[in-house]
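Visitor: output the structure for:
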Amino acid sequence: MKHIKKWMACFAVPLLLASGMKVSAGGLNGPESALVGAAGGTFTYNGQSYVASADLLNQAINYLCQDGVDLTQEQANAAIGSMYGMVAQGVAQGYLIPVGGAPGNQQTTGGADRNTQEEPQNNTGQAGQKSPTEAVKDAAKLAGELGVKVTVDPANKKVTITNADGKQILNFDGVIKNTGIPLDFDWLFFVLLAVYAAVAVVLLALAVLGDRRQPVGKPSSTGNFVLRNICSPILMAVMGAALVGILCMPAKDLLSSTGKMILSKGVPDYEDGLDSIYDANAKRYRRSVDSDKITMPSNETHYAMIQCPSWELDEKLYFGDTDRVLENGLGQYMGSGIPGMGKPILVTGHSNTFLSGMAKVKQGDIVTIRTNYGNYKYRIYKSTIAEASDSSAYDLGLSEEQLILYTCYPYTPTVGVRTERHYVYGEKVAGPTIRYQEKERGTSDEEQ
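Guide: The predicted structure follows:
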């Protein structure tokens, strides 16, 4: 637990700085660029070269590109020192991967003590000068200054970061989420079912005993009349409702999500507790758009609409894929790029609700993502089924833009967590490119 918490806390420092001061949207200042360069460099440990996983780096870049981010040189230096001091733990936990390797299965070699480990270096030859203990202290200090809280779930290797208002600003809980709603036969279900059966047996025994005590041909007393004609029907109705409630318990999440989806299509959603920056009337661009004309979305923010008539899909697209997001629409993994960035876009949704129509996918289907700054179209060219643990099903390090949609498979309700995912891949066929370099203003083509 300590190793996971220390490494993630230190590597997350550049991401924690997303609550700083104003900086141009889509841009990185000098210290931030240096930090991204260091984090994207090569680290050396026990003679082996390692790099940070692509999804972690993408999360860092996406958050440093937000409005309200302004990293100082002092903070950048502290963050870089923290990363250098925790290389051994990063290798052991799989957050640093061998050059040309795959994440998640690396182990340290030789069993070197953390205080005598080889000094890590980045690709510019700069050596780390801080011990792991000092690195942890620096990370904790920075987190305290920024008013953020790091929560670690060691069993699931899940790290969540919240700000002073309690809002989650980052999460490291794996790339591929559980996007199906399984039937949940937990211990409470079986306990209540057993209690119900016991009560039913007792009531049946009392009813039989009462019938035996009633003399044949003799009129019922007032008490027996009330019991038979008033109390018994009410009791049977209550018992029937209780049985229905117990039997529906395993499907409560499925029923709840389905009900929300049905209501969301018929009743205006005035308040879902999530932010939105989407504007259907905003100016859009055909070919390119300068980065300072767009706003980088933050976690749990509705920033686009995603549509596919073939799947009967017309839903909100959020940046982030938390449980709250997936109850309201589709969610994008924070470690992937937004449309126009030229990077893979990883989007997910529940297979029982918003993405149920993806089961009808055909090659050539067009998926449209409408943002404030442009409309993007992606043509589906591939569909596959893979294990959730199969990281070869997606590559967030690609330098070309593609849309990757996934959901749990099979689409029918199942008992337990589903281990397979349905992946659908789309190539970009339309939409403006986001330009980050400084160019002459007025050259972007506005949509007519």
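Visitor: quick one, domains of the protein?
Guide: Following automatic domain parsing, the chain resolves into domains at 2-172, 269-435.
Visitor: which one of the ones you listed lies closest to I234?
Guide: I234 lies closest, by Cβ to Cβ, to one member of these: domain 269-435, at 33.4 Å. Using the backbone N, CA and C atoms, a C-beta is placed for each residue, glycine as well.
Visitor: residue contacts, T368?
Guide: I306, Q307, C308, N375, Y376, K377, Y378 (Cβ atoms under 8 Å, 6 or more residues apart in numbering).
Visitor: in these, find the pair that's most separated.
Guide: Farthest apart among those - using Cβ to Cβ - are C308 and N375, which lie 13.5 Å from each other.
Visitor: just want to know which of the two has more residues nearby.
Guide: C308 (24 against 19; other Cβ atoms under 10 Å).
Visitor: any idea how far that one is from T353?
Guide: C308 sits 15 Å away from T353, going by Cβ to Cβ, to the nearest Å.
Visitor: again with G329
Guide: Taking Cβ to Cβ, one finds G329 at 10 Å from T353.
Visitor: next one: Y303
Guide: 20 Å.
Visitor: who has more neighbours, the two?
Guide: Applying other Cβ under 10 Å to Y303 and T353 shows that Y303 carries more neighbours, namely 25 against 22.
Visitor: which residue packs closest to that one, ignoring adjacent ones?
Guide: Distance criterion Cβ to Cβ, 6 or more residues apart in numbering; nearest residue to Y303, sequence neighbours excluded, is P297 at 3.9 Å.
Visitor: does that neighbour fall in a helix, a strand, or a coil region?
Guide: coil (DSSP: H, G, I helix; E, B strand; the rest coil).
Visitor: now do the longest helix anywhere in the chain, average pLDDT.
Guide: The helix spanning the most residues in the chain, taking DSSP state H as the definition, is helix 187-213. Confidence for helix 187-213, expressed as mean pLDDT, is 78.
Visitor: equivalent analysis for stretch 398-415, please.
Guide: pLDDT averaged over stretch 398-415 gives 88.
Visitor: kindly export it (C-alpha atoms) in PDB.
Guide: C-alpha atoms of stretch 398-415 as PDB (Å, rounded to 0.1, in the frame of the first residue of the first chain):
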ATOM      1  CA  LEU A 398      -0.800   6.700 -31.000                       C
ATOM      2  CA  SER A 399      -0.100  10.000 -32.800                       C
ATOM      3  CA  GLU A 400      -3.200   9.700 -35.000                       C
ATOM      4  CA  GLU A 401      -6.800  10.600 -34.100                       C
ATOM      5  CA  GLN A 402      -9.300   7.700 -33.800                       C
ATOM      6  CA  LEU A 403     -12.500   7.200 -31.800                       C
ATOM      7  CA  ILE A 404     -12.600   4.000 -29.600                       C
ATOM      8  CA  LEU A 405     -15.900   3.200 -28.000                       C
ATOM      9  CA  TYR A 406     -16.300   0.300 -25.700                       C
ATOM     10  CA  THR A 407     -18.800  -1.300 -23.400                       C
ATOM     11  CA  CYS A 408     -19.300  -4.500 -21.400                       C
ATOM     12  CA  TYR A 409     -20.100  -7.700 -23.300                       C
ATOM     13  CA  PRO A 410     -22.400  -9.500 -23.600                       C
ATOM     14  CA  TYR A 411     -25.200  -7.000 -23.700                       C
ATOM     15  CA  THR A 412     -27.800  -9.100 -21.800                       C
ATOM     16  CA  PRO A 413     -27.900  -8.800 -18.000                       C
ATOM     17  CA  THR A 414     -25.500 -11.300 -16.400                       C
ATOM     18  CA  VAL A 415     -24.600 -12.500 -12.900                       C
END
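Visitor: residues contacting the helix or strand hosting S383, please?
Guide: Per DSSP states H and E: S383 is located in strand 375-387. Defining contact as Cβ under 8 Å, 6+ apart, one finds that strand 375-387 is touched by 284, 339-340, 361-370, 392-393, 402-403, 409, 419-431, 447.
Visitor: taking the residues you listed one by one, which sit in strands?
Guide: 366-370, 402-403, 409, 420-430 (DSSP state E).
Visitor: narrow those to those that are buried.
Guide: 367-370, 402-403, 409, 421-426, 428 (16 or more other Cβ atoms under 10 Å).
Visitor: would JSON lines of these with distance to Y196 be doable?
Guide: Below are these laid out as JSON lines (distance: Cβ to Cβ, whole Å):
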{"residue": "V367", "distance to Y196": "47"}
{"residue": "T368", "distance to Y196": "50"}
{"residue": "I369", "distance to Y196": "49"}
{"residue": "R370", "distance to Y196": "50"}
{"residue": "Q402", "distance to Y196": "52"}
{"residue": "L403", "distance to Y196": "48"}
{"residue": "Y409", "distance to Y196": "34"}
{"residue": "R421", "distance to Y196": "37"}
{"residue": "H422", "distance to Y196": "37"}
{"residue": "Y423", "distance to Y196": "42"}
{"residue": "V424", "distance to Y196": "43"}
{"residue": "Y425", "distance to Y196": "48"}
{"residue": "G426", "distance to Y196": "49"}
{"residue": "K428", "distance to Y196": "55"}
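Visitor: in those, which has the lowest confidence score?
Guide: Lowest pLDDT among these: Y409, with 92.
Visitor: isn't that one up against E420?
Guide: Yes. Y409 lies in contact with E420 (Cβ atoms under 8 Å); the separation is 4.4 Å.
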